[in-house]
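Enquirer: Using only what follows, build the 3D model:
(2 chains)
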Amino acid sequence: MAEIVAAFGVPHAPNYPALVAKQGPDCAPAKHFAEIATRLRAAAPDVLIIYTDDHFNTFFLDNFPIFAIGIADRTSGPNDQTPMPSYSVGVEASLAIHLRARAIAAGFDISLAQDFHLDHSIMVPLHFLTPKMSIPIVPIFINGLAPPLPSSQRCFALGEAVADAIRDWPARKRVAVMGSGSFSLEIGGPRIPPGERACTPDPDWVTRVQDHLMQADVAALVEEATPARMARAGNIGGELLNWIAMLGAVGDRKPIFIAPEADHGHAYAAWRLD
Amino acid sequence: MSIYAVNKLCRDALHDLAFRAALQRDAKSAIAPLALTDQERAALLAGDVAWLYEHGAHPFLLAYLTRWELFGLSVARYSERIRTAREPAMEQHK
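Expert: Presented below is the predicted three-dimensional model:
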C-alpha cells in the first residue's frame, strides 16, 4: 500500500519566479522555497498531490467546477502568461483514477479533466521545488475564487477522503500532499490602495491561521474559516481552502517548518507524516 | 446573464493577442460584436469598473484590463474607481 510521507503548504505568487531571478537566492521567497525544497527532497515522494484553485485559466465560468481532478499522462504550464519558464510535467494517472473513484464513492462529486493545462498556481511552486519536473503530480482543483465557495468543512472532509484513498492505493509508493495559495489577498477589488492592483487586507488573519497550524488546531481553523471570514481576508482569501484540504492528510501533527510572509498574506510550511 | 460576456472579454484580453490588439486600436469596434447589454457596453467604454464589479464582473479578471490600460484603465484610475464600489449582491455572481 502507498504511504503519505509529507505535506506542504506554499504560496504561488505569479511574480515570484521573475522576482527571484532578479534578486537572487537571498531574497525571502527564494530562501523559503529552498527550505521547502530541502524537506521535499528529504521526504523523497514518488508522487505529489497538489490542491489548488484555478484562476479561470484551466476552467472558465462557462463550466467552473467546485472540485475537479486532472487525469492524464502529462500536462504543462503555465497557461496564463506568467513570466517564468514553461514546463511539461508527468501526471500519476493511475493514482488520479483511484482517487477520483474513491472520492466519488465517498460522496464527493468531483469533476473530471482529461485535457488540461495548468496556471501559475501549480507551476510557480513546481518551478521552485522540482525544477526538473522529476516528481509526477496529481492536481486537485478547488473553487477558491468564484463565490459561493465550498465550505471549509467540506474541503477538509475531501482532504481526509483523499488521504484515506491514498493509503488504500495498492502501489508501494511514497506520496506527498501540497496546498497552494494565500490566506489574505485582494486583487482588483474595492480594498486595494490607490495606485495598486493588489493588497493584503488582513495580516492578522494570516497570523491567526499560522498560529492554528503551529498548534495543530485544525478543528479551530476549519471552524473559523467561514465564507464571511475568508471574504474579509480578501477576494482571493478562499485559497486557504487548498491548505485546509491538504490538512486532511495531516491530522493533529505539528509542522516541522513554518515561515510566514504575513505582509504578503501567505506562509510556507512542511510536515513529515511517515 | 451577459455579465458573463464581460468576464469573458477580460479573459480574452489576456489570452487572445489579436483581440487585445483590437481593443487597443478601437475598443468600441472590438466589443461591438459581443453580447453585452447597453449598460455593460457603456460601462466598459467609460472604464466604469465599479459598476461592472457591482453587477458581477470578477475583480481578478477586471484587473487584467490595467495590464494594457484597456478602456483607459491605468492602475491609478482603476484603483481610484474600484475603491468606490459596493459589494455585489450574491445574485450578481452569475
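Enquirer: Mind jotting down where the helices sit in chain B?
Expert: B:3-15, B:17-25, B:27-31, B:38-45, B:49-54, B:59-62, B:75-82 (DSSP state H).
Enquirer: Close to chain B: what parts of the stretch 1-150 of chain A are there?
Expert: Within the stretch 1-150 of chain A, the positions near chain B by C-beta under 8 Å from any C-beta of the partner chain are A:55, A:56, A:60, A:61, A:62, A:80, A:81, A:145, A:146, A:147, A:148. Using the backbone N, CA and C atoms, a C-beta is placed for each residue, glycine as well.
Enquirer: any idea where the helices of the stretch 101-250 of chain A begin and end?
Expert: Counting by DSSP state H, counting those that start in this stretch, one finds helices in the stretch 101-250 of chain A at the ranges A:120-129, A:152-167, A:203-214, A:218-224, A:227-232, A:240-247.
Enquirer: As JSON lines, the ones you listed with mean pLDDT and mean neighbour count would be great.
Expert: Listed next are the helices of the stretch 101-250 of chain A as JSON lines, based on pLDDT from 0 to 100; neighbours: other C-beta atoms under 10 Å in any protein chain shown:
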{"stretch": "helix A:120-129", "mean pLDDT": "98", "mean neighbour count": "25"}
{"stretch": "helix A:152-167", "mean pLDDT": "98", "mean neighbour count": "21"}
{"stretch": "helix A:203-214", "mean pLDDT": "97", "mean neighbour count": "18"}
{"stretch": "helix A:218-224", "mean pLDDT": "98", "mean neighbour count": "16"}
{"stretch": "helix A:227-232", "mean pLDDT": "96", "mean neighbour count": "16"}
{"stretch": "helix A:240-247", "mean pLDDT": "98", "mean neighbour count": "28"}
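Enquirer: Export these to JSON lines and append columns for distance to residue A:101.
Expert: Formatted as JSON lines, those follow (distance: least, C-beta to C-beta, whole Å):
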{"stretch": "helix A:120-129", "distance to residue A:101": "22"}
{"stretch": "helix A:152-167", "distance to residue A:101": "8"}
{"stretch": "helix A:203-214", "distance to residue A:101": "31"}
{"stretch": "helix A:218-224", "distance to residue A:101": "26"}
{"stretch": "helix A:227-232", "distance to residue A:101": "30"}
{"stretch": "helix A:240-247", "distance to residue A:101": "18"}
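Enquirer: Per-residue pLDDT of the residue of the stretch 51-200 of chain A found nearest chain B, please?
Expert: As assessed by C-beta to the nearest C-beta, chain B sits closest to residue A:188 within the stretch 51-200 of chain A, at 2.9 Å. pLDDT for residue A:188: 98.
Enquirer: quick one, which of the helices of chain B is nearest to chain A?
Expert: Of all those, helix B:59-62 comes closest under C-beta to the nearest C-beta, at 3.7 Å.
Enquirer: for the record, mean pLDDT for the closest one?
Expert: On average, helix B:59-62 scores 98.
Enquirer: Show me what from chain B comes close to chain A.
Expert: Near chain A, when you scan chain B using C-beta under 8 Å from any C-beta, you find B:4, B:7-8, B:11, B:14-15, B:50, B:53, B:58-63, B:66, B:75-76, B:78-80, B:82-87, B:90, B:93.
Enquirer: Quick check: PyMOL command selecting the buried ones in these.
Expert: To isolate the buried members of the residues of chain B next to chain A in PyMOL, using 16 or more other C-beta atoms under 10 Å in any protein chain shown:
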select buried, chain B and resi 4+7+8+11+14+50+53+58+59+60+61+62+63+66+75+78+79+82+85
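Enquirer: any low-confidence regions in chain B?
Expert: B:1, B:90-94 (pLDDT under 70).
Enquirer: Go again with 50.
Expert: Applying pLDDT under 50 to chain B flags residues B:93-94.
Enquirer: Of all residues in it, which one is closest to chain A?
Expert: residue B:63 (2.9 Å).
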